[in-house]
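*Asks:* With the input below, show me the fold.
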Amino acid sequence: MKFIDEKGKLFGVINVVDLIVIVLILSIIGGIGYRVVSSRVNASGGNILGGEKEVYVTLYAQQQIPEVADSIKKGDKLVANNQYTNAEVVEVVDVQPAATVNPNSDGQSVKSTHPLWKDITITIKDKVNPSNVILKAGEQEIRIGYPFIFKTQTVEANSRITKIEIKDADE
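*Replies:* Predicted structure coming up:
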């Protein structure tokens, strides 16, 4: 018995080109299936090393009008995509007159305080899986130095992340 007969069939059963096409199609289907299954596991945080913990994020909002500071209350829920998130304000840590840099009479830059604007430091908390590559609070990525839009039902302010702490929920 020949490996490939005179009609180009493998073992006299199937054409070699047809076999290659079938193997290619099955490989593509298997690859797509693997990607779908693995992305579902990763998206759901299926990492056994993780577990849900609380993340505390300290935000620094510079040069805000005083009404922003007055409107932020402990327990306010953060908003994203027109919905409340699980993130909430834990504390308004500090409200100070805003630092500004202005030229003096000699043309040198001098640090001073703005008579109206405020610099506000806020701490928020949310739940995260610390094993995820990208941490999020209030539906936004969190990294120190990263911009964060602090948004509640009544307030919105651009801020920067200055501190991230991950703690067990019972701490």
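*Asks:* Give me the below-cutoff pLDDT ranges for the protein.
*Replies:* For the chain, applying pLDDT under 70 flags the ranges 1-5, 8, 10, 12, 39-50, 170-171.
*Asks:* The same query, at a cut-off of 80, please.
*Replies:* 1-14, 16-17, 37-51, 169-171 (pLDDT under 80).
*Asks:* check contacts around the most centrally placed residue in the chain.
*Replies:* By C-alpha atoms, centre = their mean, the mean C-alpha position of the chain lies nearest to residue 141, the distance being 2.2 Å. Neighbour list for residue 141: 134, 135 [criterion: C-beta atoms under 8 Å, 6 or more residues apart in numbering]. (Glycine included, C-beta is placed from N, CA and C.)
*Asks:* try it again with 7 Å
*Replies:* residue 134 (C-beta atoms under 7 Å, 6 or more residues apart in numbering).
*Asks:* Just grab the bridge partners of it for me.
*Replies:* Counting by DSSP bridges, residue 141 is bridged to residue 136.
*Asks:* what separates it from residue 35, distance-wise?
*Replies:* 23 Å (C-beta to C-beta, to the nearest Å).
*Asks:* so how many other residues sit close to residue 66?
*Replies:* 14 (other C-beta atoms under 10 Å).
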